[in-house]
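Colleague: I'll drop the sequence and a predicted model, then ask my questions.
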Amino acid sequence: MYNIRPISDLRTKLHEIEKTISAGEPVFLTKNGRGTMVVISIEDYYDLANDIERKLDEADRVATEIKVRYSLNEAHERVMAKLNEQDTVQNSDSADI
C-alpha cells in the first residue's frame with residue numbers, strides 16, 4: 001500500500017516518515033492534493049542510481065557491438081509493438097483463468 005502524506009507531515013511527523021523509509025518503503029508527499037515528491041532512504045536512492053548506471057553501461061556496451069541503428073520513430077514503433085504484444089499475452093492469460 002502506498003504511503004501518501006501531505007508535505008506538512010515533514011515538519012509534524014518526521015519520525016513516522018523516517019520509520020517508513022527505514023523499512024524500505026517510499027513516502028509520497030502531496031501539496032494541495034497533488035503529488036510533489038517522493039522520499040526514499042539514501043540507501044534506496046544509491047541502489048536505484050547504481051542500477052540505472054549499470055543499465056546505461058550495458059546499453060553502451062551493446063551499442064558498440066551492434067551496428068543496427070533506429071530512428072526515434074522506428075524505436076518508438078518497435079517499443080509500442082512489443083508492449084502491445086505483451087499486453088495481448090497478459091490479457092489472454094487472464095482470460096484462461
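Modeller: Sure, I can see it. Numbers count the residues shown, from 1 in each chain.
Colleague: Okay, strands next: where are they in this structure?
Modeller: 3-6, 27-31, 34-39 (DSSP state E).
Colleague: Packing partners of the second one?
Modeller: Translated: strand 27-31. In terms of contacts (3 or more Cβ pairs under 8 Å, 6 or more residues apart in numbering; DSSP states H and E), strand 27-31 is packed against strand 3-6, helix 14-22, strand 34-39. Yep, even glycine has a C-beta here, placed from its N, CA and C like the rest.
Colleague: of these, which approaches Glu53 most closely?
Modeller: Of all the helices and strands packed on strand 27-31, it is strand 34-39 that lies closest to Glu53, at 19.6 Å by Cβ to Cβ.
Colleague: strands paired with the closest one, and their directions?
Modeller: If you go by DSSP bridges, strand 34-39 pairs up with strand 27-31 (antiparallel).
Colleague: which ones are touching the nearest residue to Val39 once chain neighbours are set aside?
Modeller: With Cβ to Cβ, 6 or more residues apart in numbering as the criterion, Val39 has its nearest non-adjacent residue at 4.5 Å, and that residue is Val27. Shown in contact with Val27 (Cβ atoms under 8 Å, 6 or more residues apart in numbering): Asn3, Ile4, Arg5, Ile17, Thr20, Ile21, Val38, Val39, Ile40.
Colleague: Just the buried ones from the residues you listed, in ChimeraX syntax?
Modeller: Selection of the buried residues among the contacts of Val27 in ChimeraX, burial being defined by 16 or more other Cβ atoms under 10 Å:
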select :3,5,17,20,21,39,40
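Colleague: so which of the contacts of Val27 comes closest to Gln86?
Modeller: Using Cβ to Cβ, Val38 is the member of the contacts of Val27 that lies nearest Gln86, at 26.2 Å.
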